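S.K.: got a predicted model here, sequence first, then my questions.
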Amino acid sequence: MGRLEPPRGAVIGLGMMGRHHARILQSNAAMRFAGAVDPGGDRFGAVRDGALLYDSVDALLSGAGGAPDFAVIAVPTEEHVAVAQTLAQAGVHVLIEKPLAATVEEARAIIDAVRAAGVRGAVGHVERCNPALLALRERVQAGQIGEVYMVGTERVGPFPDRVKDVGVVKDLATHDLDLVRWLGDAPIERVAAQTQHRMGRDHEDLVLVTGRLDNGRAFNSMVDWLTPTKVRRTRVLGEGGMLVADTLSADLYFYANAHVPTAGWPDAAARRGVAEGDMTRYALERREPLAVELEAFCALIGGDEDATVVSLEEGLETVTVAEAVLESARSGETVAL
Ligand SMILES: NC(=O)c1ccc[n+]([C@@H]2O[C@H](COP(=O)([O-])OP(=O)(O)OC[C@H]3O[C@@H](n4cnc5c(N)ncnc54)[C@H](O)[C@@H]3O)[C@@H](O)[C@H]2O)c1
């Protein structure tokens with residue numbers, strides 16, 4: 001790849017997610033658009049130049065512009081593995097939509113294919129690029145709330161009818177399982193989960209997870225496709241108060257514990273617990289998370305080893321935890337990772 005020009009990227013799968021990748025690839029100066037593949041055509045009118053629309057990955061690879069430098073894989077989760085293998089074998093770097101794959105086995109097969117081909121890979125856990133969550137994490141790491149006690153996430157809302165291949169655990173809760181680990185700063189050590197099947201589909205449509213990280217911090221996640229209003233809320237609670245991110249509006253709030261003087265009377269301090277202090281909403285710089293994600297991936301393939309992408313290994317870890325969540329829901333037992 002010539003480093004003088006921005007890398008050429010293609011989008012595989014022009015559905016709900018792929019169309020946004022295509023929009024950014026066609027408008028962001030840090031990258032060039034190499035085309036898009038969808039056997040179903042361009043349903044959302046996402047591709048400006050019809051000559052760059054292909055009906056198969058093979059047609060893209062042998063197209064006039066030659067193989068792209070990288071591809072964003074935004075096909076249904078069950079198809080990630082086959083598409084990723086084909087592209088990696090053709091020497092194309094791959095940014096794979098979350099979750100990395102539908103099963104741990106397929107996630108491992110993707111990692112093997114990428115390694116064998118010597119290309120770069122990353123997973124599109126785009127929540128990590130949300131400005132509210134980036135600011136939240138920075139503040140936690142700077143010690144604003146002191147010792148962290150727990151991370152809680154809520155991701156509920158109506159069912160997006162297009163998801164056919166996986167349940168809410170793999171489709172949606174993988175966002176949360178990735179965030180909990182990233183914000184809590186340690187791998188997930190154990191999970192206990194409950195699921196519900198209320199819509200008559202093969203897969204679950206509600207999950208409640210509680211668990212613990214390797215560093216002793218607790219977490220819980222509430223995720224469903226049954227709630228008639230959309231909520232995306234992540235909170236981190238610590239000794240100094242609580243930070244809350246709303247990732248729909250990209251807002252970040254801080255609820256401080258009040259300082260209540262109990263000088264010279266330690267027993268009273270212990271009994272009182274926390275008190276309600278001031279609440280602050282921060283003014284944040286808001287950039288589109290997907291553009292931030294794509295720019296980071298372009299930096300990675302351009303040789304920036306510090307580029308903040310989600311590695312394939314982290315993606316595998318998240319799929320592994322998702323399977324443990326399903327296992328816990330099935331068995332009724334807490335599952336250790
Ligand atoms: N990061 C996020 O927040 C987020 C949000 C939604 C979806 N996703 C992920 O993106 C992926 C796609 O989800 P979606 O909601 O866009 O699905 P979708 O069903 O809307 O779109 C998938 C598209 O892929 C096409 N397709 C199927 N097989 C193909 C193949 N072999 N080659 C090329 N195109 C093919 C289909 O025709 C369809 O247009 C999933 O892995 C999903 O988990 C991520």
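M.R.: Done, it's in. Numbering: from 1, shown residues only.

S.K.: list the contacts for the closest residue to the ligand within the stretch 201-337 of the chain?
M.R.: Closest contact between the stretch 201-337 of the chain and the ligand, by C-beta to the nearest ligand atom, is at Leu290 (7.8 Å). All C-beta atoms are positioned from the backbone trio N, CA, C, and that covers glycine. Taking C-beta atoms under 8 Å, 6 or more residues apart in numbering, we find Leu290 in contact with 20-21, 24, 126, 129.

S.K.: in the stretch 151-300 of the chain, which residue sits closest to the ligand?
M.R.: Closest point on the stretch 151-300 of the chain to the ligand, by C-beta to the nearest ligand atom, is Arg162, at 4.3 Å.

S.K.: that residue against Gly13, yeah?
M.R.: No. If you go by C-beta atoms under 8 Å, Arg162 and Gly13 don't touch, sitting 11.3 Å apart.

S.K.: quick check on those two: which one has the bigger neighbour count.
M.R.: Gly13 (25 against 10; other C-beta atoms under 10 Å).

S.K.: what's the more buried one in contact with, if anything?
M.R.: 37-38, 73-76, 79, 83.

S.K.: against the ligand, how distant is it?
M.R.: 3 Å (C-beta to the nearest ligand atom, to the nearest Å).

S.K.: confidence score at that residue?
M.R.: Reading off the confidence values, Gly13 has pLDDT 98.

S.K.: gap between the nearest residue to Gly124 once chain neighbours are set aside and Gly13?
M.R.: When the adjacent residues along the chain are set aside, Gly124 lies closest to Glu97, with 4.6 Å between them (C-beta to C-beta, 6 or more residues apart in numbering). Separation of Glu97 from Gly13 (C-beta to C-beta, to the nearest Å): 8 Å.

S.K.: mutual contacts of the two, please.
M.R.: 73-74.

S.K.: can whichever strand or helix holds Ala122 be found next to the ligand?
M.R.: If you go by DSSP states H and E, Ala122 is part of strand 121-124. Yes. Judged by C-beta under 6 Å from any ligand atom, strand 121-124 comes into contact with the ligand at Gly124.

S.K.: thinking again about what came up before, got the phi/psi numbers for the nearest residue to the residue of the stretch 151-300 of the chain closest to the ligand once chain neighbours are set aside?
M.R.: The shortest distance from Arg162 to any non-neighbouring residue, by C-beta to C-beta, 6+ apart, is to Met16 (6.1 Å). Dihedral pair for Met16: phi -50, psi -40, per degrees, to the nearest 10.

S.K.: the ligand contacts on this structure?
M.R.: Close to the ligand, as judged by C-beta under 6 Å from any ligand atom, the chain has residues 12-18, 37-40, 74-77, 79, 83, 97-98, 124, 126, 162, 171.

S.K.: ok, now which ones touch Gly68?
M.R.: Wrong residue type there; residue 68 is Pro, not Gly. Pro68 sits in contact with 8-10, 34-35, 60, 92, where contact means C-beta under 8 Å, 6+ apart.

S.K.: just Asn130 next, same as before
M.R.: 245, 247, 250, 289.

S.K.: would you agree the third one is in contact with Ala132?
M.R.: Yes. Checked against C-beta under 8 Å, the pair Ala250 and Ala132 is within contact range at 4.7 Å.

S.K.: of these two, give the one with the bigger neighbour count.
M.R.: Per other C-beta under 10 Å, whichever of Ala250 and Ala132 has more neighbours is Ala132, with 26 against 20.

S.K.: quick one: that one from the ligand, how far?
M.R.: Taking C-beta to the nearest ligand atom, one finds Ala132 at 15 Å from the ligand.

S.K.: so what touches the strand or helix carrying that residue?
M.R.: Here Ala132 sits within helix 131-141, counting by DSSP H and E. Helix 131-141 has contacts (C-beta under 8 Å, 6+ apart) with 127-128, 145, 148, 179, 182-183, 185, 234, 236, 238, 243, 245-247, 249-252, 254, 282, 284-287, 289.
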